[in-house]
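>>> what would the 3D arrangement of this be:
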Amino acid sequence: MEPRTPFALTLTGTLATTALVALAGCGRSAPPPPRGPVEVGVETIHASRVVLTTELPGRTAAYLVAEVRPQVNGIIQKRLFQEGSEVAADSLLYQIDPAPYQAAYDQAKAALAVADANLPATRLRAERLKGLVEIHAVGQQDYDDAAAALLRAQASVDSARAAVESARINLSYTPLRAPISGRIGKSSVTVGALVTAYQPTPLAVIQKLDPIYVDVTQASADVLRLRRNLESGRLRHGGETESRVSLLLEDGTPYPREGRLQFRDVTVDPTTGSVVLRMVFPNPDATLLPGMYVRAVVEEGVNEKAVLAPQQGITRDLKGSAVALVVGTDGKVQQRLLTVDRAIGDRWLVTDGLGEGDRVIVEGLLKIRPGMPVKPVPAARPPAAGGGPAPATQAAAAK
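Model (predicted):
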């Protein structure tokens, strides 16, 4: 191999240096072109009229309940109803053996007849002695004895008459009749069973199911909040519709008939901090049975200028407060701290932080931060389920 000349070495170094410079130049990228404002989807807030309702849990209760108990002792001779059937008021349910009470009644009537028979002779003797004592034909003591005997005879008649009435009442208690109309449950006794007067276990229970009560509980704090909102003017009463109540059954299906709010209890349960609300619902088909779990939708009032913000545009900060990003008048992103009341469908009811005309950012939230200029465009929102507005039900509190 021939040795390289100084010229060859110099040429080789120059070529190497040129190659390194070329490689270094290839590694540099051109500066990016200036970017415009980020495009975000916004939804403009418009105040609207909303009827606010509260969903409260509760249970059904019979409108009337009558426990059938005997008022005399005896043996059940007959049972004249079918368990689970409808019975009318004053219909015969049980027959207690009336024989001993019939005998007592007859005996009392006989005793009354004896007392009535003794009374006229005693009265006549007292009257005769009264005339004789005035002319001093008999002694005063004789007359006093006759007058006392007359009073005893009259008392005996009154006592015998009361005994007859008592025996008649006891005899009338041997047929057990329905005190109310309604559906009767199972019988706790059979024919031949011995029953006692006013026994603790009822023979049967009759319940009137049409109409039917629904008792629900509401937190006392919610009652105070509702009163403050009404007094401040944030809510107003709904007029005639205020007392109307709808019902959701245990499986979530709506009850087809509308009820009414009857009253709100004035006593707060110290163990739960809640008050009881009682509603009345028609129940002609006996769909509602006593003890069923239901949810009542109670109207609270009407908010004429409710601000409803889309839930997808509201997030939570590290402290758990609700915040939203809005586009300001200068086209830059602003962060708003919100006060939300409740969820209404897919929206939050906002009581503070948003107003008419505010543009809430609902799309492109991950590409922006407060202070950035943005280009707002209307957000493409899917239609609400069912094609209509969601009911204003208090599904969750987010104070």
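>>> in this structure, where's the longest helix?
helix 99-134 (DSSP state H).
>>> can I get stretch 216-231 in PDB, CA atoms only?
The C-alpha trace of stretch 216-231 is given here as PDB (Å, rounded to 0.1, in the frame of the first residue of the first chain):
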ATOM      1  CA  VAL A 216     -92.700   9.500  53.000                       C
ATOM      2  CA  THR A 217     -89.900  11.100  55.000                       C
ATOM      3  CA  GLN A 218     -88.100  14.400  54.200                       C
ATOM      4  CA  ALA A 219     -85.100  15.800  56.000                       C
ATOM      5  CA  SER A 220     -85.800  18.800  58.200                       C
ATOM      6  CA  ALA A 221     -82.800  20.600  56.500                       C
ATOM      7  CA  ASP A 222     -84.600  20.300  53.200                       C
ATOM      8  CA  VAL A 223     -87.700  21.700  54.700                       C
ATOM      9  CA  LEU A 224     -85.800  24.700  56.000                       C
ATOM     10  CA  ARG A 225     -84.000  25.200  52.600                       C
ATOM     11  CA  LEU A 226     -87.300  25.100  50.800                       C
ATOM     12  CA  ARG A 227     -88.800  27.700  53.200                       C
ATOM     13  CA  ARG A 228     -85.800  30.000  52.700                       C
ATOM     14  CA  ASN A 229     -86.100  29.700  48.900                       C
ATOM     15  CA  LEU A 230     -89.800  30.500  49.000                       C
ATOM     16  CA  GLU A 231     -89.300  33.500  51.300                       C
END
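>>> who touches that stretch?
Stretch 216-231 is contacted by residues 54, 56-58, 235-237, 264, 268-269, 272-277, 279, 296, 298, 300-301 when judged by Cβ atoms under 8 Å, 6 or more residues apart in numbering. Where C-beta positions appear, they are placed from N, C-alpha and C, glycine not excepted.
>>> using neighbour counts, trim those residues to the buried set.
Buried members of the contacts of stretch 216-231, counted by 16 or more other Cβ atoms under 10 Å: 54, 56, 58, 235, 274-277, 279, 296, 298, 300-301.
>>> circling back: which of the contacts of stretch 216-231 fall within strands?
Residues of the contacts of stretch 216-231 located in strands (DSSP state E): 54, 56-58, 264, 274-277, 279, 296, 298, 300-301.
>>> got TSV for those, with distance to residue 128 and pLDDT too?
Below are those laid out as TSV (distance: Cβ to Cβ, whole Å; pLDDT from 0 to 100):
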residue	distance to residue 128	pLDDT
54	86	81
56	83	87
57	83	90
58	78	91
264	75	80
274	80	86
275	76	86
276	73	88
277	76	86
279	75	89
296	81	89
298	82	81
300	86	74
301	87	74
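>>> make JSON lines from those and add distance to residue 193 to it.
Output for these, formatted as JSON lines (distance: Cβ to Cβ, whole Å):
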{"residue": "54", "distance to residue 193": "49"}
{"residue": "56", "distance to residue 193": "44"}
{"residue": "57", "distance to residue 193": "41"}
{"residue": "58", "distance to residue 193": "38"}
{"residue": "264", "distance to residue 193": "45"}
{"residue": "274", "distance to residue 193": "43"}
{"residue": "275", "distance to residue 193": "44"}
{"residue": "276", "distance to residue 193": "38"}
{"residue": "277", "distance to residue 193": "42"}
{"residue": "279", "distance to residue 193": "40"}
{"residue": "296", "distance to residue 193": "42"}
{"residue": "298", "distance to residue 193": "46"}
{"residue": "300", "distance to residue 193": "53"}
{"residue": "301", "distance to residue 193": "57"}
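>>> show me what residue 276 is bridged to.
residue 217 (DSSP bridges).
>>> list the contacts for it?
Contacts of residue 276 were listed using Cβ under 8 Å, 6+ apart, and they are 215-217, 264-265, 269.
>>> same thing but at 6 Å, please
215, 217, 265 (Cβ atoms under 6 Å, 6 or more residues apart in numbering).
>>> just the buried members of these?
Using 16+ other Cβ under 10 Å, the buried ones in those are residue 217.
>>> from the contacts of residue 276, pick the one nearest residue 40.
Proximity of the contacts of residue 276 to residue 40 (Cβ to Cβ) peaks at residue 217, which lies at 44.3 Å.
>>> what segments of the stretch 201-350 of the chain are helices?
Assigned helices in the stretch 201-350 of the chain, in chain order: 220-232 (criterion: DSSP state H, counting those that start in this stretch).
>>> what mean pLDDT does the strand or helix carrying residue 375 get?
Using DSSP states H and E, residue 375 sits within strand 374-378. Averaged across strand 374-378, pLDDT comes to 89.
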